[in-house]
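Colleague: for reference, the sequence and a predicted model appear below.
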Amino acid sequence: ISHPDGHYYTIMGYANILGISINSKEANLLGRKAAVISRQRNVPIYKAGDSKYGQVNQYLDAVLDEVFTRH
C-alpha cells in the first residue's frame with residue numbers, strides 16, 4: 001500500500017525485499033513488535049489478504065526498518 005508517509009508491507013513481504021529468510025514464528029514476533037511501535041506512534045496498521053492465514057497486518061516501512069534493524 002502506498003501512503004503519504006511511506007509504503008506498507010507485511011512482515012514476510014518486507015523480509016523478502018531485504019533478502020532475509022524468516023519462518024512464521026519469527027514473523028509473528030516481528031509483527032508483534034511492529035504493532036506495538038505502530039500503536040505507540042499512532043501509525044495506522046492495515047490488513048492484507050493471505051492464503052495461509054486469511055489476513056495479516058501491514059506496517060509502515062519506517063516501522064519495519066526499525067523492527068528489522070533490532071532483529
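Modeller: Done, it's in. Since this is a predicted model, take the numbers as computed values, not measurements.

Colleague: so which bits of the longest helix seen in the chain are buried?
Modeller: Among the segments of the chain that qualify as a helix by DSSP state H, the longest is helix 24-40. Under the neighbour-count criterion of 16 or more other Cβ atoms under 10 Å, helix 24-40 has 27, 30-31, 33-35, 37-38 buried. Yep, even glycine has a C-beta here, placed from its N, CA and C like the rest.

Colleague: show me which of those residues is closest to residue 46.
Modeller: residue 38 (10.1 Å; Cβ to Cβ).

Colleague: please enumerate the helices of this protein.
Modeller: In the chain, the helices defined using DSSP H lie at 11-18, 24-40, 61-70.

Colleague: and the shortest one, how far out from the chain middle?
Modeller: When C-alpha coordinates are averaged (Cα atoms, centre = their mean, to the nearest Å), helix 11-18 and its chain have centres 8 Å apart.

Colleague: so it versus helix 61-70, what angle?
Modeller: Here helix 11-18 points in a direction 70 degrees away from that of helix 61-70 (axes from the mean of the first three to the mean of the last three Cα atoms, to 10 degrees).
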